[in-house]
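Novice: What would the 3D arrangement of this be:
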Amino acid sequence: MKSSLSSLIVMIIICVAALAGYGVWYSAIAAKSATVAALQDGIDTKTETINRIAATRATLADIASDEAVVQNYFVPELGVVTFIDALEARGKELKASISVLSVSTSGTSARPTLTLTLSVEGTFDAVMRTLGSIEYAPYSLSLTTLSVMQDDGGTWRADVKLVVGSVPAVRSATTTQATSPTALISSPYAYF
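Specialist: Presented below is the predicted three-dimensional model:
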């Protein structure tokens, strides 16, 4: 009987030792699993952050190109002479004479504008086509005053006051392109 009792005690001791070993290993593996899960969560978070950064960069690149397109609708303060030359060239192309009487800055610092006073002379058709091509030019502009009259010699004259959207001479990190006189519109007759 002694041998079966001692065998039973030995077996119980072995089972307890095995269960204790299993418990120790289980807790060690559970701790490592928790560590691995925390690392995986950190990796997932960083991956999501990287994906958001990449999406933001792509969006900013799109916005930068859109900004460049929008900036072309405004006359930079340093591009006023080019803009005036383009207006005069447009008038000559449409057989009208454009004289710039005055140029001044106006608006606010957030929304600067240029105010131009023009005189357009020629035939009635040439004056009206020139005014139409100026009004529908791809710029942020509006005609604030317009008067059309005929001289004694049969020549028509339009006195116009324009307000053109502008951008300050000093810009942030974006680049803008100077507008050439031919870039105003492809054809002055496109709108008639």
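Novice: Give the pairing partners of the least confident helix or strand in the chain by mean pLDDT; include direction for each.
Specialist: Ranking every helix and strand in the chain by mean pLDDT, DSSP states H and E puts strand 75-76 at the bottom, with a mean of 86. Paired neighbours of strand 75-76 in the sheet (DSSP bridges): strand 156-167 (parallel).
Novice: Distance-wise, check residue 8 relative to residue 15.
Specialist: Residue 8 sits at a distance of 10 Å from residue 15 (criterion: Cβ to Cβ, to the nearest Å). The C-beta positions use only the backbone N, C-alpha and C, and glycine is treated the same way.
Novice: which helices and strands sit right next to the longest helix along the chain?
Specialist: The helix that spans the most residues within the chain, counting by DSSP state H, is helix 2-71. Of the remaining helices and strands, none touches helix 2-71 by 3 or more Cβ pairs under 8 Å, 6 or more residues apart in numbering; DSSP states H and E.
Novice: Okay, now the unreliable bits of this protein?
Specialist: 1, 169-192 (pLDDT under 70).
Novice: List the contacts of residue 156.
Specialist: Residue 156 sits next to 121, 122, 123, 124, 126, 127, 148, 149, 150 when contact means Cβ atoms under 8 Å, 6 or more residues apart in numbering.
Novice: Roughly how far does it sit from residue 147?
Specialist: Taking Cβ to Cβ, one finds residue 156 at 11 Å from residue 147.
Novice: same check, this time on residue 100
Specialist: Counting by Cβ to Cβ - residue 100 and residue 147 are separated by 16 Å.
Novice: wait, doesn't residue 148 sit right on residue 130?
Specialist: No - counting by Cβ atoms under 8 Å, residue 148 stays clear of residue 130, with 11.5 Å between them.
Novice: more neighbours, these two?
Specialist: Using other Cβ atoms under 10 Å, the more surrounded residue of residue 148 and residue 130 is residue 130, with 27 against 14.
Novice: May I ask which of the contacts of residue 156 has the most neighbours?
Specialist: Neighbour max across the contacts of residue 156 (other Cβ under 10 Å) = residue 127, 25 neighbours.
Novice: From the chain's centroid, how far away is the helix or strand containing it?
Specialist: Per DSSP states H and E, residue 127 falls inside helix 124-135. Helix 124-135 has its C-alpha centroid displaced from the chain centroid by 32 Å (Cα atoms, centre = their mean, to the nearest Å).
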